[in-house]
Every structure is written in C-alpha cells, then in structure tokens.
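A.B. asks: just need the structure, nothing else, for what follows:
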Amino acid sequence: MLVEVIYERASTAERAVAFILDLMTVDLLFAALKIAGIKTGWLFLYIAYFSSFEGILGRGLGKWALNLKVTGEDGRAPGLLRAAARSLTLPLSLAFARPIHDRITGTHVVRVEEA
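C.D. replies: Just a heads-up that it's a prediction; the model follows:
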C-alpha cells in the first residue's frame with residue numbers, strides 16, 4: 001500500500017537559523033579536533049558533516065533543533081552523494097538568495113513532527 005506524505009516546506013528564516021547552528025557545530029568540531037592535535041581542513045569537515053548527517057539522517061543538529069529535515073522527492077534522506085553535492089552547491093544559493101542547491105540536487109527542507 002502506497003501512502004503519500006505531505007510535508008510543509010521550511011521558511012527561509014528557519015533554514016537560516018538551522019544553517020547557523022550547523023555551522024557553529026562544525027566550528028566546535030574543528031576547534032575540538034585542533035585542540036586534540038588532529039589536523040583537518042575546515043572545508044573538509046564542513047562537507048563531511050553535512051554529507052553524513054543530512055545524507056543519512058536527513059538533518060544535522062541545527063535542523064534537528066528546529067524539527068527540519070532534508071528530503072528527496074520520495075521523502076527519504078537524500079543519501080551521501082546528493083548531500084555532498086547539496087553542500088558544495090550551497091554558495092550558489094547564498095549568492096542568489098534562493099535555494100538553488102535544493103533545485104540542483106532535487107531536495108527540499110521540510111518541517112517534521114516528532115512522534
């Protein structure tokens with residue numbers, strides 16, 4: 001039996017706050033690794049964070065805190081490759097103030113209700 005689930009899209013403000021929280025998380029991870037003597041690039045950590053959390057779970061800590069989720073057209077988490085492409089194309093969205101990275105990767109940021 002096929003069930004259609006309709007999600008409400010997240011607002012620009014919600015997306016921005018979630019993104020800022022996620023960037024703060026990446027910054028904290030970067031600082032913690034640096035203190036521990038582990039050398040890594042910030043950009044590498046950014047891509048790894050967003051690719052893994054959004055690719056597998058559909059959200060990092062910022063989106064989790066705001067009950068938001070990244071989904072594909074099928075309502076599932078986008079997967080590692082699509083999440084990586086999404087994180088790499090984000091600067092296009094920032095440049096044009098539109099979610100172009102979601103259009104390119106066929107993803108959406110939606111509100112979710114926790115059970």
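
A.B. asks: share the number of residues neighbouring residue 82, please.
C.D. replies: For residue 82, the count of nearby residues is 19 (other Cβ atoms under 10 Å). For every residue, glycine as well, the C-beta is placed using N, CA and C.

A.B. asks: now swap in residue 94 and tell me
C.D. replies: Other residues close to residue 94 by other Cβ under 10 Å number 11.

A.B. asks: and residue 6, by the same measure?
C.D. replies: Look at residue 6: counted by other Cβ under 10 Å, it has 6 neighbours.

A.B. asks: give the helix, strand or coil label for it.
C.D. replies: For residue 6, the assignment made with DSSP: H, G, I helix; E, B strand; the rest coil gives coil.

A.B. asks: pLDDT wise, what is it at?
C.D. replies: Reading off the confidence values, residue 6 has pLDDT 70.

A.B. asks: where's it relative to residue 64, distance?
C.D. replies: Distance of residue 6 to residue 64, given as Cβ to Cβ, to the nearest Å: 21 Å.

A.B. asks: show me what contacts the nearest residue to residue 70 once chain neighbours are set aside?
C.D. replies: Nearest non-adjacent residue to residue 70, counting by Cβ to Cβ, 6 or more residues apart in numbering: residue 54, 4.7 Å away. Contacts for residue 54 (Cβ atoms under 8 Å, 6 or more residues apart in numbering) come out as 60, 63, 70, 77, 78, 83, 86, 87.
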